[in-house]
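Q: sequence unknown, structure follows:
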């Protein structure tokens, strides 16, 4: 049996400002560091055998704070890197809505049908993230943390539940949200979703 804990990284200023981050290497803000510390304290009560992270700083820093409680090294997995949002990188959500009206409306209604100019589709994200997960399942028993991003974790959740990416917006995933699957007898079983019970009122929540 393998337990897979999908975790979203802590807050950045671009989360607060609702800026499309994608592959831009934005660091955690002070609230994000506090969130990561609360996350780490919560997960310190569980036996974790390995921690994998997206290569971006906001994910690696969150993963390192978690790993410090378990004397583990963080394994960087390029396939967990954030969604390549192409021409939307660095734009405010409102700017995207204004500049790409039709495409943004399609993104909201049918995200599975969108490939952002200069970027990738959700199905491409699924393929590379599932490759990482398949490799993890092959290598590990016990509990493994995958520390990544909203889009990456949401498409993984869809895939593991047998849903296609048309259901992307049916899943909410807050900052530092924990979603756990148990892999047993060839199938993934959802055990918890978007657990942020460990965050204090001072630690803001956002699903953007």
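A: Now that the structure is in, tell me what you want to look at. Just so you know, these numbers come straight off a predicted model, no measurement behind them. Numbers count the residues shown, from 1 in each chain.

Q: List the residues that contact the residue nearest the centre of the chain.
A: What sits nearest the mean C-alpha location of the chain, by CA atoms, centre = their mean, is residue 149, with 2.5 Å. Residues near residue 149 by CB atoms under 8 Å, 6 or more residues apart in numbering: 8, 9, 21, 54, 56, 59, 80, 81, 82, 83. Yep, even glycine has a C-beta here, placed from its N, CA and C like the rest.

Q: In strands, which of those fall?
A: The strands, defined by DSSP state E, take in residue 8 from the contacts of residue 149.

Q: Now flag whichever of the contacts of residue 149 is closest to residue 190.
A: Nearest to residue 190 among these, counting by CB to CB, is residue 8 at 16.0 Å.

Q: can you tell me how far the closest one sits from residue 115?
A: Distance, residue 8 to residue 115, by CB to CB, to the nearest Å: 23 Å.

Q: who has more neighbours, those two?
A: When residue 8 and residue 115 are compared for neighbours, residue 8 comes out ahead with 29 against 14, by other CB atoms under 10 Å.

Q: isn't the more buried one right next to residue 157, touching?
A: No: the pair residue 8 / residue 157 is not scored as a contact, 10.9 Å apart, by CB atoms under 8 Å.

Q: any shared contact partners between these two?
A: The overlap between the contact sets of residue 8 and residue 157 (CB under 8 Å, 6+ apart) consists of residue 173.

Q: Tell me which other helices or strands the lengthiest strand in the chain touches.
A: What stands out as the longest strand in the chain, according to DSSP E, is strand 187-195. When contacts are defined as 3 or more CB pairs under 8 Å, 6 or more residues apart in numbering; DSSP states H and E, strand 187-195 sits against helix 150-160, strand 178-184.

Q: The last one pairs with which strands, and in what direction?
A: Taking DSSP bridges as the criterion, strand 178-184 forms sheet pairs with strand 2-8 (antiparallel), strand 187-195 (antiparallel).

Q: neighbours around residue 162, how many?
A: Using other CB under 10 Å, residue 162 is surrounded by 8 other residues.

Q: Looks to me like it is in a helix.
A: No: counting by DSSP: H, G, I helix; E, B strand; the rest coil, residue 162 is not part of a helix but coil.

Q: Check the spacing between it and residue 173 real quick.
A: The gap separating residue 162 from residue 173 is 18 Å, by CB to CB.

Q: helices or strands next to the worst-scoring helix or strand of the chain on mean pLDDT in the packing?
A: None of the helices or strands of the chain scores lower by mean pLDDT, DSSP states H and E than helix 13-17, at a mean of 94. Judged by 3+ CB pairs under 8 Å, 6+ apart, helix 13-17 has no packing partners among the helices and strands.

Q: All set, thanks.
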